[in-house]
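Participant: starting from these lines, generate the structure:
(one chain, ligands or ions: 1)
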Amino acid sequence: MPLLQDAITLRGLVCPNRIFMAPLTRQRAKAPGDIPGELQAEHYAQRAGFGAIITEATQISPEGKGYPNTPGIYSDEQIAGWRLVTDRVRAAGGRMFLQLWHVGRVSHVAHQPDGQPPVAPVAVRSKGFVVIRHPDGRRERVEASMPRALETAEMPRLIEDFGHAARCAKAAGFDGVEVHAANSYLINQFLSGSLNTRDDAWGGALENRMRLLMNVVDAAGEVFGYARVGVRLSPMGSVNDLPPAPDDEELMRRVAGELGARRLAYLHLFNHFWGKERWNGPFSEALCREMRARFDGPVVLNGYGTDVAAAQSDLDCGLGDAVAFGKLAISNPDLPARLARGLPLAPWDDATFYGDDARGYNDYPSAT
Ligand SMILES: Cc1cc2nc3c(=O)[nH]c(=O)nc-3n(C[C@H](O)[C@H](O)[C@H](O)COP(=O)(O)O)c2cc1C
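Facilitator: Numbers count the residues shown, from 1 in each chain. Have a look, this model is predicted:
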């Protein structure tokens with residue numbers, strides 16, 4: 001069975017170890033324009049030793065935004081900013097996937113073009129919270145705004161927005177993209193049997209609910225080739241007020257099969273159920289194994305906190321092929337080297353998860 005330190009090949013892309021950097025929103029892009037730059041280039045370059053880096057969630061369009069200072073991937077300025085990042089990471093020997101993001105109804109009119117309502121599969125408000133930023137710079141958690149349902153005629157435009165973003169990601173020098181279909185954002189909202197009660201071809205029946213994800217994956221695949229497209233799911237997760245539905249398990253099995261048929265770079269599974277609950281909760285070990293069998297390609301697991309031993313044990317048990325670490329990647333820029341040498345791991349400070357500058361971002365020292 002592979003060790004976390006062993007190399008892995010994702011459909012031809014060689015990664016020197018199986019310790020990936022999980023996508024981490026840090027809200028430090030430059031405003032106006034949501035543009036990444038030197039700050040992000042330094043941050044990701046410090047982490048070039050990870051088997052692969054998955055960037056913070058990056059909105060595909062102004063409409064896809066739900067938080068302050070998250071970067072986008074649709075304008076020339078953003079492409080130029082991301083190019084600084086990919087150049088630095090590549091020079092340091094790393095590989096990067098950009099996470100393509102549309103928040104759907106998990107947004108606020110303050111983030112939307114012309115103060116319009118956010119878009120969603122149906123006009124049902126999330127009881128979850130979002131963050132807005134006041135002119136004086138203060139951040140505030142507020143209720144999500146009432147969304148409007150996307151028109152059937154708008155769906156090709158939405159898919160084209162993803163295609164455009166994938167082309168921008170390619171122009172910015174990324175090795176591939178990860179489609180964010182987890183954590184109750186737009187694609188997850190369309191997948192949901194509890195929320196997506198649309199009566200057109202994009203909702204209701206299970207295959208209709210899968211249509212947006214598959215179209216987005218196809219749009220990204222046209223740009224990068226399927227071998228450079230990953231997908232992130234959070235099976236059975238219900239954050240941001242997305243209640244469970246009776247066919248959630250069947251949905252996950254079907255999605256894994258459809259994605260597997262496309263021979264994607266990887267399937268990334270964020271297990272929302274921590275600690276002892278990890279494989280005994282709604283996302284069961286049996287479901288994980290079935291998804292892995294149906295996908296029949298590289299599976300990246302996530303959701304271990306500081307429990308590196310559990311991550312290795314899950315690779316030993318054949319539940320996945322690689323592990324993405326989130327919070328540990330924040331505070332340990334050289335995590336793969338530390339694990340290889342058995343060095344102690346640094347704790348993270350959640351007070352600086354989101355912020356404006358290098359503090360709590362680029363000042364965690366390397367131990368190697
Ligand atoms: C500060 C922070 C930002 C996050 N941003 C994202 C994100 O942009 N996209 C995403 O899919 N998950 C995001 N997550 C979830 C992480 O990728 C990961 O799933 C979670 O932290 C659990 O992994 P861990 O136990 O290794 O930290 C975020 C988590 C944290 C703590």
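Participant: phi, psi for the residue nearest the centre of the chain please.
Facilitator: The centre of the chain sits closest to His180, judged by CA atoms, centre = their mean, with a distance of 4.4 Å. Main-chain torsions, His180, degrees, to the nearest 10: phi -80, psi 100.
Participant: show the pLDDT at Ser61.
Facilitator: For Ser61, the pLDDT comes out at 99.
Participant: that should have said Asn362, apologies.
Facilitator: Listed pLDDT for Asn362 reads 98.
Participant: and Trp82, what is it in contact with?
Facilitator: Neighbour list for Trp82: Pro36, Pro71, Ile73, Leu98, Cys168, Ala169, Ala172, Gly173, Phe174 [criterion: CB atoms under 8 Å, 6 or more residues apart in numbering]. C-betas here are computed from N, CA, C, even on glycine.
Participant: so which of the residues you listed are in strands?
Facilitator: Among the contacts of Trp82, the members found in strands (DSSP state E) are Leu98.
Participant: which two among the contacts of Trp82 are spaced furthest apart?
Facilitator: Across the contacts of Trp82, no pair lies farther apart than Pro71 and Gly173, at 14.6 Å, counting by CB to CB.
Participant: any idea how far Ala120 is from Ala153?
Facilitator: To Ala120, Ala153 is 16 Å away according to CB to CB, to the nearest Å.
Participant: those two: which has the busier surroundings?
Facilitator: A direct count of neighbours by other CB atoms under 10 Å for Ala153 and Ala120 places Ala120 higher, at 25 against 8.
Participant: could you tell me which residues of this structure lie near the ligand?
Facilitator: By the rule CB under 6 Å from any ligand atom, the part of the chain lying against the ligand is 22-25, 56-57, 99, 180, 182-183, 232, 270, 302-305, 325-328, 353.
Participant: so which of those belong to helices?
Facilitator: Within the residues of the chain next to the ligand, residues falling in helices by DSSP state H are Lys327, Leu328.
Participant: picking that back up, and the residue nearest to the centre of the chain, bridged to which residues?
Facilitator: Taking DSSP bridges as the rule, His180 bridges to Arg232.
Participant: I'd say it and Gly230 touch.
Facilitator: No: look at His180 against Gly230 with CB atoms under 8 Å: they stay out of range, at 10.0 Å.
Participant: ok, Glu154 - contacts?
Facilitator: Applying CB under 8 Å, 6+ apart, we find Glu154 in contact with Val119.
Participant: and the pLDDT at the closest residue to Leu242 other than its chain neighbours?
Facilitator: Take Leu242 and drop its neighbours on the chain: the residue closest to it by CB to CB, 6 or more residues apart in numbering is Ser184, 4.0 Å away. We have a pLDDT of 97 for Ser184.
Participant: OK, contacts around Ser184?
Facilitator: Ser184 neighbours (CB under 8 Å, 6+ apart): Val106, Ser126, Gly128, Ser192, Ser234, Gly237, Ser238, Val239, Asn240, Asp241, Leu242.
Participant: whichever of these end up buried, select them in ChimeraX.
Facilitator: Here is the ChimeraX command that selects the buried residues among the contacts of Ser184 (16 or more other CB atoms under 10 Å):
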select :106,126,128,192,234,237,238,240,241,242
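Participant: of the contacts of Ser184, which is the nearest to the ligand?
Facilitator: Nearest to the ligand among these, counting by CB to the nearest ligand atom, is Ser234 at 7.7 Å.
Participant: ok, how many other residues are close to the spatially closest residue to the closest one that is not a sequence neighbour?
Facilitator: Distances taken as CB to CB, 6+ apart put Ala182 closest to Ser234, at 3.7 Å, once the chain neighbours are dropped. Using other CB under 10 Å, Ala182 has 25 other residues around it.
Participant: dump the contacts of Trp82 to a markdown table, plus neighbour count.
Facilitator: Listed next are the contacts of Trp82 as a markdown table, based on neighbours: other CB atoms under 10 Å:
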| residue | neighbour count |
| --- | --- |
| Pro36 | 28 |
| Pro71 | 28 |
| Ile73 | 30 |
| Leu98 | 29 |
| Cys168 | 23 |
| Ala169 | 31 |
| Ala172 | 22 |
| Gly173 | 17 |
| Phe174 | 27 |
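Participant: re earlier: now, the residues of the chain next to the ligand that are in strands?
Facilitator: Reading strands off the residues of the chain next to the ligand with DSSP E, I get Glu56, Ala57, Gln99, His180, Arg232, Phe270, Asn302, Phe325.
Participant: ok, the last one - contacts?
Facilitator: Listed by CB under 8 Å, 6+ apart, the contact partners of Phe325 are Ile19, Phe20, Met21, Ala22, Asn302, Tyr304, Val308, Ala311, Leu335.
Participant: from Lys127, how far off is it?
Facilitator: According to CB to CB, Phe325 stands 30 Å off from Lys127.
Participant: in stretch 105-122, what counts as buried?
Facilitator: Within stretch 105-122, the residues scored as buried using 16+ other CB under 10 Å are 105-112, 117-122.
Participant: what sits up against that stretch?
Facilitator: 62-63, 65-68, 103-104, 124-126, 128, 130, 132-133, 142, 144-150, 154, 158, 184-186, 189-190, 192, 195-198, 202-203, 240.
Participant: how far does that stretch sit from its chain's centre?
Facilitator: Relative to its parent chain, stretch 105-122 has a centroid offset of 20 Å by CA atoms, centre = their mean, to the nearest Å.
Participant: so for it, mean pLDDT?
Facilitator: 98.
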